[in-house]
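J.: Test case, fold it:
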Amino acid sequence: MSALDELKLMTAWDSEPALTETELNATLARAALPDAAGILPLATGWTATYDLNAAAAAAWLIKAGRASATVEVDPPGSGIVTSKVFDNCRKMAGIYAKKRNSTALAT
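T.: Purely as a prediction, here's the structure:
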């Protein structure tokens, strides 16, 4: 499984508030780490290596930011309170933030 696919699973990326693949790729790029040989990200010979937990925490914060502006029941009568979506996104960000520095090599 690719790092992008794993990040998609970790972030429920296509559930509202949704993320785009472009956003997830940018989040992965910011979470790039030196590989097992110590080669820095983007250097020649670098094996793509990421702190997936840091990327997931950042992605959940993006989702929280999108949910923060709304606090009503959406849609009306659905029982989905958008402030709970914000709270849940922040909780997920916190869970992954505590796990940072676990790495995954790209496949």
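
J.: State the next helix or strand along the chain beyond the helix or strand residue 29 falls within.
T.: Using DSSP states H and E, residue 29 maps to helix 21-30. Proceeding N to C from helix 21-30, the next assigned helix or strand is strand 49-51, under DSSP H and E.

J.: Mind listing residues that contact the following helix or strand past that following strand?
T.: Using DSSP H and E, the next helix or strand after strand 49-51 towards the C-terminus is helix 52-67. Applying C-beta atoms under 8 Å, 6 or more residues apart in numbering, the set of residues contacting helix 52-67 from outside is 3, 6-7, 10-11, 13, 17, 19, 23-24, 27-28, 30-31, 82-83, 85-86, 89-90, 92-94, 96-97, 99-104. (Each C-beta comes from the backbone N, C-alpha and C, glycine too.)

J.: Just the buried ones from those residues, in PyMOL syntax?
T.: Buried residues among these (16 or more other C-beta atoms under 10 Å), as a PyMOL selection:
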select buried, resi 3+6+7+10+11+13+17+19+23+24+27+28+31+82+85+86+89+90+92+93+96+103+104
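
J.: Sitting in helices, which of the contacts of helix 52-67 do you find?
T.: 3, 6-7, 10-11, 23-24, 27-28, 30, 82-83, 85-86, 89-90, 92-94, 96-97 (DSSP state H).

J.: Now residue 34: closest residue in space, sequence neighbours ignored.
T.: The shortest distance from residue 34 to any non-neighbouring residue, by C-beta to C-beta, 6 or more residues apart in numbering, is to residue 40 (5.3 Å).

J.: Just give me the neighbour total for that neighbour.
T.: Residue neighbour count, defined by other C-beta atoms under 10 Å, stands at 12 for residue 40.

J.: how much space between it and residue 55?
T.: Distance of residue 40 to residue 55, computed by C-beta to C-beta, to the nearest Å: 17 Å.

J.: same deal with residue 41?
T.: 13 Å.

J.: Those two: which is more packed in?
T.: residue 55 (28 against 16).
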